[in-house]
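> Here's a sequence, model it:
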Amino acid sequence: MEHLLAFISNNQQIIYIVILMIFVGIEVIGRVPSVLHTPLMSGANAIHGVVVIGAIIVMGKAETDNFLALGLGFIAVILGTLNVVGGFVVTDRMLEMFKGKKK
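So this is what the prediction gives:
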C-alpha cells in the first residue's frame, strides 16, 4: 500500500493530466456532428498505424532472450494491424452509404 501511495504522490501531476484528458476527450467527441464521424474514424486508424510502428520498434530493440517484450510486441502488432484494417473496412462501408445508387 505504501508503494502505491508513493507512486501516486510522485506522479500526481501526470495523474491530473490524464484525468483532465479524459474529460476533455469526452466533451470533444460528444460534440462532434454525426457527419464528421467517418473522417474522425480514419484519423483514429492512422493513429493506430503509429501504434503498430511503435510495437515493431520495441520488438526490434528487445533482447532476444526477453520473451515477455517480444510476446507483448507481437500481440501489439497483431491487434494493432487488425484494428487498422478493420477500421478502414468500417470507414469504407460507411462511405458507401453516402454514394448514390447505381441504376
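
> which helices and strands does the helix or strand of the chain with the lowest mean pLDDT pack with?
Every helix and strand in the chain was compared by mean pLDDT, DSSP states H and E; the lowest is helix 37-61, with a mean of 81. Judged by 3 or more C-beta pairs under 8 Å, 6 or more residues apart in numbering; DSSP states H and E, helix 37-61 is in contact with helix 67-97. Where you see a C-beta, it was placed from the backbone N, CA and C, and this is true even at glycine.

> and the helix it packs on, what other elements does it pack with?
Packing partners of helix 67-97 (3+ C-beta pairs under 8 Å, 6+ apart): helix 37-61.

> Now do the buried residues in the least confident helix or strand of the chain.
For helix 37-61, the neighbour count (16 or more other C-beta atoms under 10 Å) marks 38, 45, 48, 49, 51, 52, 55, 59 as buried.

> just the angle between it and helix 67-97, please?
The directions of helix 37-61 and helix 67-97 differ by 160 degrees, with axes from the mean of the first three to the mean of the last three C-alpha atoms, to 10 degrees as the criterion.

> Please compute how far the host helix or strand of residue 17 lies from its chain's middle.
Per DSSP states H and E: residue 17 is located in helix 12-30. Centre-to-centre, helix 12-30 and its host chain are 15 Å apart (C-alpha atoms, centre = their mean, to the nearest Å).

> Mind listing what's buried along that helix?
Along helix 12-30, not one residue counts as buried under the neighbour rule (16+ other C-beta under 10 Å).

> go on, stretch 73-80?
Buried residues in stretch 73-80, counted by 16+ other C-beta under 10 Å: 73, 76, 77, 80.

> now, which of the residues you listed sits nearest residue 97?
residue 80 (26.6 Å; C-beta to C-beta).

> quick one, domains of this protein?
Segmentation of the chain into domains, based on automatic domain parsing, reads 1-31, 36-103.

> ok, residues contacting the least confident helix or strand of the chain?
Applying C-beta atoms under 8 Å, 6 or more residues apart in numbering, the set of residues contacting helix 37-61 from outside is 29, 32, 69-70, 73-74, 76-77, 80-81, 83-84, 87-88, 90-91, 94-95.

> Sounds good, over and out.
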